[in-house]
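Asker: Sequence below, structure please.
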Amino acid sequence: MTPIPNEHSDLRCEHGALIFPMPVACYDRLMDSESLPRGSSYNGPRGTLEVDAVPNGRYHDPRTFAVAELLTALRRASGVPAHVGATAPIEGREGDRRHPDAQLFVSPAKLRELDAAARPAPVPDVVVEVDTTPLSRERFDARLAAYRRLGVPELWIWTRTGGSEARPDGTATLLVAGHERWRKTDESPAVPGLRPADLDALLREPSDMARTRRAEALAARLAPAFALRYSA
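Answerer: Numbering: from 1, shown residues only. Modelled structure (predicted):
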């Protein structure tokens, strides 16, 4: 833990993140008024607002949008009832709050809960995180632990490992929740046929327009198996 000068004795910096003790009700008030700093999450067991390094919006946001485009195009091409979300919070029983870059709902029961506007909303079937500004190992592990507490069944992570922000090298990892830990998988259970190399190719693409075309082409390729997976 590295001390930083501040006017509030409880504010501190840990592993590159700002940590500030705060009741979850206060966090939710800031969240609902759109006053949270970018990169925020809430750690329920610790009772803290935590702010990670802010990604570069010019290179981060179009890539997260490309994943949402992929999932939306997949829903349309397959005809499968599904819902694609962006940064809406996932809320947990212990007060955890996570704001993933993209999320997919395909379970009929969860779709019914969404349609009823229940709060807390159901946990997504797939959560996606795109890290153009990689987290420290400690913060990365804390994120995985939070998503396990929240009950997320499948997690896609893409992390820049080199190159430039405009032309990044990166690594995609697909994780499924096991009995005691996350388990890597070579193919998405929720989206049959999608592999880490598919996300790598999509998110390494430097052109926003070419990335959209890649997302649409990938969705078209995945749609038949996705439709079969969720056929009645």
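
Asker: State the pLDDT value of P134.
Answerer: Looking at P134, its pLDDT reads 84.

Asker: Assumed C13 was part of a helix.
Answerer: No. Looking at C13 with DSSP: H, G, I helix; E, B strand; the rest coil, it is strand, so not inside a helix.

Asker: Strands of the protein, residue ranges please.
Answerer: For the chain, the strands defined by DSSP state E cover 12-14, 17-21, 40-43, 48-51, 83-85, 90-91, 97-98, 102-105, 126-131, 154-163, 168-177, 182-184.

Asker: Quick check: which of the ones you listed is nearest to D61?
Answerer: Of all the strands of the chain, it is strand 126-131 that lies closest to D61, at 9.0 Å by Cβ to Cβ. For glycine as for every other residue, the C-beta is placed from the backbone atoms N, C-alpha and C.

Asker: Could I get the CA-only coordinates of the closest one as CSV?
Answerer: Output of strand 126-131 as CSV, limited to C-alpha atoms (Å, rounded to 0.1, in the frame of the first residue of the first chain):
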residue,chain,number,x,y,z
VAL,A,126,-22.0,-13.5,-19.8
VAL,A,127,-20.0,-10.6,-18.5
VAL,A,128,-17.3,-8.9,-20.6
GLU,A,129,-14.3,-6.8,-19.5
VAL,A,130,-12.0,-5.0,-21.9
ASP,A,131,-8.7,-3.8,-20.3
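
Asker: can you list contacts of that strand?
Answerer: Here strand 126-131 makes contact (Cβ atoms under 8 Å, 6 or more residues apart in numbering) with 55, 60, 63-64, 67, 71, 90, 98, 100-104, 106, 143, 147, 152-160, 188, 190-191, 203.

Asker: For it, give the mean pLDDT please.
Answerer: Mean pLDDT, strand 126-131: 96.

Asker: Nearest to D198 among the strands of the chain would be which one?
Answerer: Shortest distance between D198 and these, using Cβ to Cβ, is found for strand 168-177: 7.8 Å.

Asker: Mind listing the strands the closest one pairs with, and their directions?
Answerer: Its sheet considered, strand 168-177 pairs with strand 154-163 (antiparallel), strand 182-184 (antiparallel) by DSSP bridges.

Asker: any idea which of those is most buried?
Answerer: Neighbour counts (mean count of other Cβ atoms under 10 Å) averaged over each of the strands paired with strand 168-177 peak at strand 154-163, with a mean of 19.

Asker: List the contacts of the closest residue in space to R214 that isn't next to it in sequence.
Answerer: For R214, ignoring the flanking residues on the chain, the nearest one in space by Cβ to Cβ, 6 or more residues apart in numbering is L202 at 5.1 Å. Neighbouring residues of L202 by Cβ under 8 Å, 6+ apart: 66-67, 70, 211, 214-215, 218.
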